[in-house]
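1. Got a sequence here, can you model it:
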Amino acid sequence: TIRNTPYAISTPNKHKMNHESTPMPLSPLISNLPLPSPQTPVVVMGIEGSANKIGIGILKYEPPEDKTQKGVYVTLSNPRKTYISPVGQGFLPRETAWHHQRHILPLIQTALAQSSLTLSSINCITYTAGPGMGGPLHSCAIVSRYLSLKHSIPLLGVNHCVGHIEMGRFATGADDPVVLYVSGGNTQVLAFNGGRYRIFGETIDIAIGNCLDRFARCCGISNDPSPGYNIEVLARSSKSLKFVDIPYAVKGMDVSFSGILTSVERIWKDRG
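-> Residues are numbered from 1 along each chain as shown. Model (predicted):
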């Protein structure tokens, strides 16, 4: 989870954990090359492969003409490939890493072609430094660092979770929001305070995304394009919706989903 990463994130004292040390930058500089100035146009390549999806994004930032305005971000390209595991199975780190290794270079070439750019046009390379699955993360980090060294491009490691939050904050235009962050590996309530994101509540066992994935496996629902999406499609296509009572647990600001998963799996098996 976010809590276990070293990037500008802390947990309140309710968890009895001390994360009040000096904040680190949200995106620590990996190479020793100078970062591009935010006062000039910047083109960034992002490499993300923390789970079963690998994506290459090329983003252009245009600074504002004066301080009363905001800069403009334009997505130039964003090709992706997803590792689809067999029905009834999750995606394992080794097979997922092999998938990313096969697709990362063709995806980079596609991203550059779609944006009509070359690597010499890239001002900065960013990659997911964590959290995520070790093998897939390592595969993407190696390519990112190679490109940075070979082409003398500044390199930044980005916290996966903070990337999700900041992307949503920018897309919605929200100013200083309280964030509900849900994904396959995380379910958290956060807010930005004192130079870092602070966790006010989170799952104490499994994330909601993982709960849906495991339920889909139990029911034999396809992983293509994703288990959660297929569950939603099946629910919407039902001619008669019938809701089932299931237990759930809320402990202060924290939540639990393992009991929900156990209950729905039992109901599914009992109804055979």
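2. and the gap between the closest residue to Gln114 other than its chain neighbours and Cys140?
-> Spatial nearest neighbour of Gln114, excluding adjacent residues (C-beta to C-beta, 6 or more residues apart in numbering): Ser77 at 3.7 Å. In short, each C-beta sits where N, CA and C put it, glycine included. Shown here: Ser77 relative to Cys140, a distance of 17 Å by C-beta to C-beta, to the nearest Å.
3. Hmm, Val189 is touching Pro177, no?
-> No - proximity of Val189 to Pro177 does not meet the contact threshold set by C-beta atoms under 8 Å, at 10.9 Å.
4. Report the rounded mean pLDDT for stretch 115-131.
-> The pLDDT scores in stretch 115-131 average 95.
5. quick one: buried residues of that stretch?
-> The neighbour-count check on stretch 115-131 (16 or more other C-beta atoms under 10 Å) flags 115, 117, 122-131 as buried.
6. Touching both of Val189 and Pro177, which residues are there?
-> Applying C-beta atoms under 8 Å, 6 or more residues apart in numbering, one finds that no residue jointly contacts Val189 and Pro177.
7. which residues does the most centrally placed residue in the chain contact?
-> With distances taken as C-alpha atoms, centre = their mean, His160 lies nearest the centre of the chain, 4.7 Å away. Each residue near His160 by C-beta under 8 Å, 6+ apart is listed here: 48, 50, 128-132.
8. Could you report the distance from it to Glu48?
-> Separation of His160 from Glu48 (C-beta to C-beta) stands at 8 Å.
9. now swap in Lys150 and tell me
-> 20 Å.
10. now the strands for the stretch 51-200 of the chain?
-> According to DSSP state E, counting those that start in this stretch, the stretch 51-200 of the chain carries its strands in the segments 53-62, 72-77, 80-82, 124-130, 155-159, 178-182, 187-193, 196-202.
11. Turn those strands into TSV, including distance to Ser238.
-> Shown next, in TSV, are the strands of the stretch 51-200 of the chain (distance: least, C-beta to C-beta, whole Å):
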stretch	distance to Ser238
strand 53-62	28
strand 72-77	36
strand 80-82	26
strand 124-130	37
strand 155-159	39
strand 178-182	24
strand 187-193	26
strand 196-202	32
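12. looking at these, which is closest to Gly220?
-> Closest approach to Gly220 among the strands of the stretch 51-200 of the chain is made by strand 80-82 (19.4 Å; C-beta to C-beta).
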